[in-house]
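Q: only geometry, no sequence info:
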């Protein structure tokens, strides 16, 4: 009788053939991970050297008395913090910082919202060009903007003075040299400089509003103001909370613009907290790095509170968004 030969199963060779592919896939994954860490290492090292280390070191310096030149550091505990809290100039700088925030934040939020609503209209010609134009000051170097604005507001030969004289003014106004107008002028320049960021926030928020709601409102006879009041504004309330917190936190970082425009003057009328810290750390005849570090730590704790409010605002905004949807 002839024997029947049963063919060998093919599952095992297939499994064996898949093993090298799985092994190569694991090698490729590890190789990609190594390349990722290789490219990230310079950033991590530089971030640790120039961001993390100064932050940690400032906490130590705030507990010592040190002028920054000698190697001797005398531990004084919380005496620097007591000296900062007892310094009237520190509280004056806190007041100026808060006034600057109250001048800048509402203007940036409201004006950018109005402009974003105009630029969000699909019927506006060249709206992408206008968006780019309004965002250009954001990408301009802040220190250069401060130097240029010193020339713009020059009371002798600045363009703004020439503009005022064209309308009948006899002499130019020293907007940056007068303690009554310097802070307001710096706030106006700051609003113009970072206006585009808030505008982008609002544009992103407006694009989440369904166009069907506007169409339904127009069919019912609603005008532009009614559409804004009953359709746009309720849906933008969660974003308003987030944008407000982001804008308020951003106003606490105006050192480069204020330093180049006014340097904290005249008569300390524009000395925000950052310039107060800079003055004691680098501009004083005898630098007091321990004192300045204590002021910086207090300022950092204040910004951390604002950051905590930002995190809380995100949670509330997401919850409100879910309820509205």
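A: On my side now, so go ahead. What you see is a predicted model, and the numbers here were worked out from it, not measured in a lab. Numbers count the residues shown, from 1 in each chain.

Q: quick one, phi psi at the closest residue in space to residue 185 that isn't next to it in sequence?
A: Spatial nearest neighbour of residue 185, chain neighbours left out: residue 175 (4.3 Å); criterion: CB to CB, 6 or more residues apart in numbering. (Glycine included, C-beta is placed from N, CA and C.) Backbone torsions for residue 175, taken as degrees, to the nearest 10, come to phi -60, psi -40.

Q: mind checking how far residue 175 is from residue 167?
A: Applying CB to CB, to the nearest Å, the value for residue 175 to residue 167 is 16 Å.

Q: Residue 239 too?
A: Applying CB to CB, the value for residue 239 to residue 167 is 40 Å.

Q: With neighbour numbers in mind, choose between those two.
A: Ranked by neighbour count (other CB atoms under 10 Å), residue 239 and residue 167 place residue 239 first, with 19 against 6.

Q: so the more buried one, which of the three states?
A: helix (DSSP: H, G, I helix; E, B strand; the rest coil).

Q: check contacts around it.
A: Contacts of residue 239 were listed using CB atoms under 8 Å, 6 or more residues apart in numbering, and they are 201, 202, 205, 208, 317.

Q: mind putting those in CSV, distance to residue 111 included?
A: What follows is the contacts of residue 239, written out as CSV (distance: CB to CB, whole Å):
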residue, distance to residue 111
201, 13
202, 10
205, 15
208, 21
317, 22
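
Q: Grab the two from those residues that are most spread out in space.
A: Greatest spatial distance in those: 202 and 317, 14.2 Å, computed using CB to CB.

Q: So for these two, which residue has more residues nearby?
A: The residue with more neighbours, out of residue 202 and residue 317, is residue 202; 22 against 18, by other CB under 10 Å.

Q: Who's the closest spatial neighbour of the more buried one, skipping the chain neighbours?
A: Nearest one to residue 202, counting by CB to CB, 6+ apart, is residue 116 at 3.5 Å.

Q: mind checking the SS state of that neighbour?
A: From three-state DSSP, the assignment for residue 116 is helix.

Q: Okay, and residue 43 sits in which element?
A: Here residue 43 sits within helix 11-47, counting by DSSP states H and E.

Q: what ranges do the helices span in the stretch 201-325 of the chain?
A: Along the stretch 201-325 of the chain, counting by DSSP state H, counting those that start in this stretch, helices occupy 211-219, 224-227, 233-250, 255-261, 273-278, 289-324.

Q: okay if I get the ones you listed as JSON lines plus distance to residue 100 and mean pLDDT?
A: Shown next, in JSON lines, are the helices of the stretch 201-325 of the chain (distance: least, CB to CB, whole Å; pLDDT from 0 to 100):
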{"stretch": "helix 211-219", "distance to residue 100": "37", "mean pLDDT": "80"}
{"stretch": "helix 224-227", "distance to residue 100": "32", "mean pLDDT": "78"}
{"stretch": "helix 233-250", "distance to residue 100": "11", "mean pLDDT": "86"}
{"stretch": "helix 255-261", "distance to residue 100": "8", "mean pLDDT": "93"}
{"stretch": "helix 273-278", "distance to residue 100": "10", "mean pLDDT": "94"}
{"stretch": "helix 289-324", "distance to residue 100": "14", "mean pLDDT": "83"}
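
Q: Give me whichever of the ones you listed is most buried.
A: helix 273-278 (a mean of 23; mean count of other CB atoms under 10 Å).
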